[in-house]
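A.B. asks: below are the sequence and a predicted model; questions follow.
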Amino acid sequence: MKIKENLDSYLKYVSNWEEKIGSFLEFDISRTKGMSTVEGQLAGIPFGVKDNFAVEGFNITCGSKILEGVSAPYTATSVAKLQAAGAVVVGKTNLDAFGMGSSTDNSAFKITNNPWDTNRVAGGSSGGSAAAVAAGIVPFALGSDTGGSVRQPASFCGVYGLKPTYGVVSRYGLTAYASSLDVVGVVARTVEMTKTVFDTMKGQDIKDNTSVSHPGSRNNGDVKKIAVLKIEDGSLSDDVAKSYLESRKLLEKLGYDIVEIELPSLEYVVPVYYTIATAEASANLARYNGLRYGYRSKNGNDPGEIMQTSRDEGFGDEVKLRILLGTYVLRSGFQDQFYHKAQKIRTAIRNEFDKIFELADLIMMPVFPTAAFKHGSTDLDPFQQKVADRYTCAANLTGLPALAIPSSIENGLPVGVQFTAPAFEEDRLFNIAKVLEKDFPSPLAPGTKNWSII
């Protein structure tokens, strides 16, 4: 599981692809030295880390001007566990600022392009991580998933994207966006690598009081019956609808018992998600005030004015929009009307999923209604991108694990499907993915190379 060619060839390859896609905000060549001498399950494997994770020796910008130049004084638990297993952080990947976006076009520093078509987005907000893996720069990368931010870019780029059960991977060192929704996710070229990385990171951490020990699968990850979401409202593009149908046919061909289901609660997923996520973001991002660290505006005569102008100049439009929405739903008199009601609906959504899992081992859904869209696409404006999150946000609201896997290539672009499992049943996800990987492994984008042997 190591780079086979010499380092110079690898670095030339990285440079050529980075010029095309812009997946990294930092790439430190010196970290690759001595990779062949380290020991551990992931010995010598280079990986990227989304730039909202703390990694000592690297910056932590969160893709925002307000944290430009801020260096991380410590390392996130998830990253430290991978380093202890021999993996080597070679850089920090680009993202939508503070994880808020579906394209990685909302970064303050650069736009990330899709390796399959550089005129198209890599997805978001972990687009840098997905693009780096799809381009063959690294065999895996870490991302954060708050509403689909690992699974959607993985689908757009033709790789695997795991969102684990909430709490089983420590969030210590991950910059908070929406604390009750955020999880540490994995983007990887193969199912086996995805599983290995997850198994290495999982476990309770005394530095994160929301973390829990993983009890393991109740049935050894066995999958017999799969619930497939019925979609007849025309919400999927022709390419995605075709891939989704073919995936169902393949499952039937492989002998799985298929039951068609409806999830009425999906209608409420997006408004509930954005109510809760923006409220929590409003509280979490209050610490960035331009006074203690990060960007400080030169405009302002007192601390109050400096704080106001620093935030106005330092935050991007999408971040400011979500902070304002969150502040609004938390206002006195509005909490019951919006935030508390959203939490009640969140519970109802979780109950609906639990009932499905009384009948089936997994649920299959689309990841996103379209394949990767073009930069600045008028077909999918920022509002429509949010509405399109209905299939991915559900796993974050319920805390359940979900895995996006490649399903086909349509008109030259990868398309994926998503499986959701009961809490702590990641092994079911890996097992179904391994079976499907035999028929359709992660495809290589034109001109890319798989530098690892997994």
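C.D. replies: Good, I have the coordinates.
A.B. asks: measure the residue positioned nearest the centre of the chain to residue 348 for me?
C.D. replies: Nearest to the mean C-alpha position of the chain, by Cα atoms, centre = their mean, lies residue 150 at 1.7 Å. According to Cβ to Cβ, to the nearest Å, residue 150 and residue 348 sit 25 Å apart. Any C-beta I mention is one placed from the backbone N, CA and C, and that applies to glycine too.
A.B. asks: what's the answer for residue 231, then?
C.D. replies: Distance from residue 231 to residue 348, by Cβ to Cβ: 21 Å.
A.B. asks: more neighbours: which of the two?
C.D. replies: residue 231 (18 against 12; other Cβ atoms under 10 Å).
A.B. asks: could you point out which element follows the worst-scoring helix or strand of the chain on mean pLDDT?
C.D. replies: Within the chain, no helix or strand scores below helix 382-387, which has a mean of 82 by mean pLDDT, DSSP states H and E. Counting by DSSP states H and E, the element after helix 382-387 in chain order, helix or strand, is helix 390-398.
A.B. asks: by contact count, what packs against that following helix?
C.D. replies: Judged by 3 or more Cβ pairs under 8 Å, 6 or more residues apart in numbering; DSSP states H and E, the packing partners of helix 390-398 are helix 151-157, helix 266-284, helix 341-356, strand 362-366, strand 413-420.
A.B. asks: let's go with 7 Å and repeat that
C.D. replies: Applying 3 or more Cβ pairs under 7 Å, 6 or more residues apart in numbering; DSSP states H and E, we find helix 390-398 packed against helix 266-284, helix 341-356.
A.B. asks: which other helices and strands contact the last one?
C.D. replies: With contacts defined as 3+ Cβ pairs under 7 Å, 6+ apart, the packing partners of helix 341-356 are helix 266-284, helix 390-398.
A.B. asks: and that helix, what's buried?
C.D. replies: 342, 345-346, 349-350, 352-353, 356 (16 or more other Cβ atoms under 10 Å).
A.B. asks: for this structure, just list every one of the helices.
C.D. replies: For the chain, the helices defined by DSSP state H occupy 7-21, 77-84, 127-134, 151-157, 191-201, 238-253, 266-284, 303-314, 317-329, 341-356, 382-387, 390-398, 426-439.
A.B. asks: show the low-confidence segments of the stretch 1-150 of the chain, by residue range.
C.D. replies: Scanning the stretch 1-150 of the chain for pLDDT under 70 picks out the ranges 1-5, 31-38.
A.B. asks: at which residues are the strands of it located?
C.D. replies: 24-27, 46-50, 88-93, 113-114, 117-121, 140-145 (DSSP state E, counting those that start in this stretch).
A.B. asks: residue 197 is nearest to which of the ones you listed?
C.D. replies: strand 140-145 (5.4 Å; Cβ to Cβ).
A.B. asks: tell me the angle that closest one makes with helix 127-134.
C.D. replies: On the basis of axes from the mean of the first three to the mean of the last three Cα atoms, to 10 degrees, strand 140-145 is oriented at 150 degrees to helix 127-134.
A.B. asks: elements contacting strand 140-145?
C.D. replies: When contacts are defined as 3+ Cβ pairs under 7 Å, 6+ apart, strand 140-145 sits against strand 46-50, helix 127-134, strand 183-188.
A.B. asks: so which of those is the most surrounded?
C.D. replies: Ranked by mean neighbour count, these are led by helix 127-134 with a mean of 36 (mean count of other Cβ atoms under 10 Å).
A.B. asks: what's that one in contact with?
C.D. replies: 21, 23-24, 48, 50, 93-95, 103-104, 112, 114-115, 121-123, 138-143, 153-154, 156-159, 161, 187-189, 445, 448 (Cβ atoms under 7 Å, 6 or more residues apart in numbering).
A.B. asks: looking at the helices and strands packed on helix 341-356, which is nearest to residue 8?
C.D. replies: Of all the helices and strands packed on helix 341-356, helix 390-398 comes closest under Cβ to Cβ, at 39.7 Å.
A.B. asks: now that closest one: how far from the chain's centre is it?
C.D. replies: 12 Å (Cα atoms, centre = their mean, to the nearest Å).
A.B. asks: now it: average pLDDT?
C.D. replies: Mean per-residue pLDDT for helix 390-398: 97.
A.B. asks: one more: stretch 309-323?
C.D. replies: Stretch 309-323 comes out at a mean pLDDT of 95.
A.B. asks: now the end-to-end length of that stretch.
C.D. replies: 15 Å (Cα to Cα, to the nearest Å).
A.B. asks: buried set for that stretch?
C.D. replies: 309-311, 314-316, 318-320, 322-323.
A.B. asks: for stretch 66-76, same thing?
C.D. replies: 66-67, 70, 72, 75-76.
A.B. asks: could you export the residues you listed to CSV, including columns for distance to residue 206?
C.D. replies: Shown next, in CSV, are these (distance: Cβ to Cβ, whole Å):
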residue, distance to residue 206
66, 30
67, 26
70, 25
72, 20
75, 16
76, 14
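A.B. asks: reformat the helices and strands packed on helix 390-398 as CSV; add distance to residue 194 and mean pLDDT.
C.D. replies: As requested, the helices and strands packed on helix 390-398 are arranged in CSV below (distance: least, Cβ to Cβ, whole Å; pLDDT from 0 to 100):
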stretch, distance to residue 194, mean pLDDT
helix 266-284, 24, 96
helix 341-356, 22, 97
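A.B. asks: got those as TSV, with distance to residue 403 columns?
C.D. replies: Shown next, in TSV, are the helices and strands packed on helix 390-398 (distance: least, Cβ to Cβ, whole Å):
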stretch	distance to residue 403
helix 266-284	18
helix 341-356	15
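A.B. asks: which of those helices sits closest to residue 195?
C.D. replies: Of all those, helix 341-356 comes closest under Cβ to Cβ, at 22.9 Å.
A.B. asks: for the closest one, what is the distance to the chain centroid?
C.D. replies: Its chain's average C-alpha position is 22 Å from that of helix 341-356, according to Cα atoms, centre = their mean.
A.B. asks: and the angle from that helix to helix 266-284?
C.D. replies: 130 degrees.
A.B. asks: got a list of contacts for helix 341-356?
C.D. replies: 227, 261, 263, 265, 268-269, 272, 275-276, 363, 394, 397-398, 400.
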